[in-house]
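Trainee: coordinates only, sequence not included:
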DNA sequence: TTATATCTTTTATAAGACAAAAGACGGAAC
DNA sequence: GTTCCGTCTTTTGTCTTATAAAAGATATAA
């Protein structure tokens, strides 16, 4: 390890990086390698300090950054835990849809189709695959309360989700990302969304119970796992009569 | 000041707050009071440490949080500066609109109307005013490159923007928030946006050169200044044929 | 005049000492 | 036997001190 600047003598380290950032990379690597499972506690700050031969404060600063990135969750007196999609309070939500008025309703995912195909140029580009690589295409409806609000088309790299099928989707009680995490070990860390207004047509109009040509919110999402690797591309049509997309600019 | 826990003896301090958070509040107060102007450097960490009689590290932690909230900007070796809308790289952008392809185009604001009125129930609620309080209503077009992309209706509390007029808007070269900051001392810190897809109608359709009934992205925004005080309500119609709303979920 | 050290001021990093929070455990009270 | 309450241990959180790196300004030498 590059233990500069304090102990450096001859090697000015061409790619200098402060100690806490090196520690962060090491912890990240362990996380990525699955040394600690989602929801588990990682070793205490002082244990890690001994293991890496640095002070507790330095480990702390590394963990600080990872907590800010929602990779870890701290709880005073208890420990530091690997963030998980199975715990809604611990992992941030990706769904930004809220009702125009009233309380947040329980959401329910209704899988419609799930099949295998080969990546076309667009999907390949979005997922960083070769054109023709095996992919999974899934369609589903998202209901909030009794109302069908979102129609999603979801594209996944086939290699990472070997046995994913309509049956498995139907049997799962969990959220999609929770399933991906627990069954396939694929953890969604961050995502980028691109929003447009489009006219409803075909299946989407029908499933969402809106007129052909009426306005829908189109949300395209690329979700990334560790190392900024894209592992999901999704196109969602949102009916925004009773709900809206909420965003905080901070 | 509540200097616990280190120096506390008798007073367990019913509303305990760590030292660095108290320091943060003090710095915030100075900022709010205008002790340092946007773009100016604030005193160095060691100066502030002397002033508040704490260590540099404690001041540092206070400033860390404020930098994370985009209130201050640090530059190693130079100092810490008050964020300003006049410096695009220093202050975060509120405009999330990017071209579907190609480079980010220069944007130009075209003011259409600016008049005074009394707050109706909705505006009053959004801006935290009494119904009937004086407000300013402004309409404008936002062009990206040559194309008219956004039609905005903007509502402001009349009290804070005394002499704002169409003339002033027309003469200003700056962005709207830069003008608000430099001329009226009102700094937008954060904002909440609510997005929907709607059908184009009337003036909006005409100005944005789209068919009546074609889909538009409706973006409603409440912008806040210090102390979470709402000071702008805005309703924007976005034409999303060549542009989209970009959002990062982190 | 131009390049190059050197000094000063600033933020950034690292380590160490100690406090607060949360539970676990064990003994006293009932 | 069960409940309550202190005490001990383990964990994250706070605060200070010392020192390094970054950026300019200033002086110096070619």
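Mentor: Now that the structure is in, tell me what you want to look at. This is a predicted model, so every value here is computed, not measured.
Trainee: What ranges does chain A have for its helices?
Mentor: Listed in chain order, the helices of chain A (DSSP state H) span A:19-32, A:45-52, A:56-68, A:121-127, A:166-171, A:176-184, A:202-207.
Trainee: what residues are up against residue A:63?
Mentor: Contact analysis of residue A:63 by CB atoms under 8 Å, 6 or more residues apart in numbering or on different chains lists A:24, A:27, A:45, A:72, A:74, A:80. Glycine gets a C-beta too; all of them are placed from N, C-alpha and C.
Trainee: so how far is residue B:39 from it?
Mentor: Per CB to CB, to the nearest Å, residue A:63 is found 34 Å from residue B:39.
Trainee: and what of residue A:195?
Mentor: On the measure of CB to CB, residue A:195 and residue B:39 end up 33 Å apart.
Trainee: Neighbour count: those two, which is higher?
Mentor: residue A:195 (26 against 17; other CB atoms under 10 Å in any protein chain shown).
Trainee: Quick check: which of the helices of chain A is nearest to DNA strand D?
Mentor: With respect to DNA strand D, and counting by CB to the nearest atom of the strand, the nearest of the helices of chain A is helix A:45-52 at 3.7 Å.
Trainee: In contact with the residue nearest the centre of chain A, which residues are there?
Mentor: Among the residues of chain A, residue A:188 comes closest to the average C-alpha position under CA atoms, centre = their mean, at 2.3 Å. Contacts for residue A:188 (CB under 8 Å, 6+ apart) come out as A:85, A:94, A:177, A:180, A:181, A:223, A:224, A:225, A:231, A:232.
Trainee: which among those gets closest to residue A:216?
Mentor: Ranked by distance to residue A:216 (CB to CB), the contacts of residue A:188 are led by residue A:94 at 19.1 Å.
Trainee: show me what contacts that closest one?
Mentor: A:177, A:188, A:191, A:221, A:223, B:249.
Trainee: Which of these fall within strands?
Mentor: Under the assignment DSSP state E, those contribute A:191, A:221, A:223, B:249 to strands.
Trainee: What is the nearest of those to residue B:31?
Mentor: Residue B:31 lies nearest to residue B:249 out of the ones in strands among the contacts of residue A:94, by CB to CB, at 29.4 Å.
Trainee: Out of the ones in strands among the contacts of residue A:94, flag the one nearest to DNA strand C.
Mentor: residue B:249 (26.1 Å).
Trainee: wait, what's in contact with that closest one?
Mentor: Residues in contact with residue B:249 (CB under 8 Å, 6+ apart) are A:92, A:94, A:96, A:190, A:191, A:192, A:193.
Trainee: before we move on, back to that, tell me the most packed of the contacts of residue A:63, by neighbour count.
Mentor: residue A:27 (24 neighbours).
Trainee: Would you mind giving the contacts of residue A:94 as JSON lines with pLDDT added?
Mentor: JSON lines is the format used below for these (pLDDT from 0 to 100):
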{"residue": "A:177", "pLDDT": "96"}
{"residue": "A:188", "pLDDT": "95"}
{"residue": "A:191", "pLDDT": "96"}
{"residue": "A:221", "pLDDT": "98"}
{"residue": "A:223", "pLDDT": "98"}
{"residue": "B:249", "pLDDT": "94"}
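Trainee: mind checking the backbone torsions on the residue nearest to the centre of chain A?
Mentor: Dihedral angles of residue A:188 (phi, psi; degrees, to the nearest 10) stand at phi -80, psi 120.
Trainee: you'd agree residue A:73 is up against residue A:79?
Mentor: No: between residue A:73 and residue A:79 there is no contact under CB atoms under 8 Å: 9.6 Å.
Trainee: neighbour count winner among these two?
Mentor: residue A:73 (19 against 14).
Trainee: which residues touch that one?
Mentor: Listed by CB under 8 Å, 6+ apart, the contact set of residue A:73 reads A:67, A:80, A:81, A:82, A:83, A:90.
Trainee: Distance check, the closest residue to the last one other than its chain neighbours against DNA strand C.
Mentor: Same thing as residue A:90. Nearest non-adjacent residue to residue A:90, counting by CB to CB, 6 or more residues apart in numbering or on different chains: residue A:73, 4.9 Å away. In this view, residue A:73 and DNA strand C are 13 Å apart by CB to the nearest atom of the strand, to the nearest Å.
Trainee: before we move on, what about residue A:239?
Mentor: Separation of residue A:239 from DNA strand C (CB to the nearest atom of the strand): 41 Å.
Trainee: That residue: what's its closest spatial neighbour, skipping adjacent residues?
Mentor: Residue A:239 sits nearest to residue A:208 (CB to CB, 6+ apart), 4.4 Å away.
Trainee: Please apply the same query to residue A:84.
Mentor: Nearest residue to residue A:84, sequence neighbours excluded (CB to CB, 6+ apart): residue A:38, at 3.5 Å.
Trainee: Next, the contact list for that neighbour, please.
Mentor: Residue A:38 touches A:82, A:83, A:84, A:85, A:86, A:181, A:182, A:187, counting by CB under 8 Å, 6+ apart.
Trainee: Any stretches of chain A with poor pLDDT?
Mentor: Low-confidence regions of chain A, defined by pLDDT under 70, span residues A:1-15, A:92.
Trainee: which parts of it sit against DNA strand D?
Mentor: Taking CB under 7 Å from any atom of the strand as the contact definition, chain A meets DNA strand D at A:4-6, A:8, A:16, A:41-42, A:44-47, A:56-57, A:60, A:74-80.
Trainee: List only those of these flagged as buried.
Mentor: Buried by 16 or more other CB atoms under 10 Å in any protein chain shown: A:4, A:42, A:45, A:60, A:80, out of these.
Trainee: picking that back up, with distance to residue A:137 added, can I get the contacts of residue A:188 in JSON lines?
Mentor: Conversion of the contacts of residue A:188 to JSON lines gives the following (distance: CB to CB, whole Å):
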{"residue": "A:85", "distance to residue A:137": "22"}
{"residue": "A:94", "distance to residue A:137": "20"}
{"residue": "A:177", "distance to residue A:137": "18"}
{"residue": "A:180", "distance to residue A:137": "15"}
{"residue": "A:181", "distance to residue A:137": "21"}
{"residue": "A:223", "distance to residue A:137": "16"}
{"residue": "A:224", "distance to residue A:137": "20"}
{"residue": "A:225", "distance to residue A:137": "19"}
{"residue": "A:231", "distance to residue A:137": "15"}
{"residue": "A:232", "distance to residue A:137": "12"}
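Trainee: okay, now residue A:182: neighbour count?
Mentor: Using other CB under 10 Å, residue A:182 has 18 other residues around it.
Trainee: Test my guess that it contacts residue A:86.
Mentor: Yes: with contact defined as CB under 8 Å, residue A:182 counts as touching residue A:86 (6.7 Å).
Trainee: which residues do those two both contact?
Mentor: In terms of CB under 8 Å, 6+ apart, residue A:182 and residue A:86 are both contacted by the residues A:38, A:174.
Trainee: From residue B:38, how far out is the residue nearest to residue A:239?
Mentor: From residue A:208 across to residue B:38, the span is 46 Å (CB to CB).
Trainee: wait, what's in contact with residue A:215?
Mentor: Applying CB under 8 Å, 6+ apart, the residues contacting residue A:215 are A:197, A:198, A:199, A:200, A:240, B:197, B:198, B:199, B:215, B:216.
Trainee: ugh, wrong one, residue A:61
Mentor: residue A:20.
Trainee: Quickly name whichever of the contacts of residue A:188 is closest to residue A:31.
Mentor: The nearest member of these to residue A:31, counting by CB to CB, is residue A:225 at 11.1 Å.
Trainee: neighbours of residue A:238, just the number please.
Mentor: Neighbours of residue A:238 (other CB under 10 Å): 23.
Trainee: swap in residue A:202?
Mentor: Residue A:202 has 8 nearby residues by other CB under 10 Å.
Trainee: How many neighbouring residues does the nearest residue to it once chain neighbours are set aside have?
Mentor: In space, and not counting its chain neighbours, residue A:202 is closest to residue A:212: 8.0 Å by CB to CB, 6+ apart. Residues near residue A:212, counting by other CB under 10 Å, number 11.
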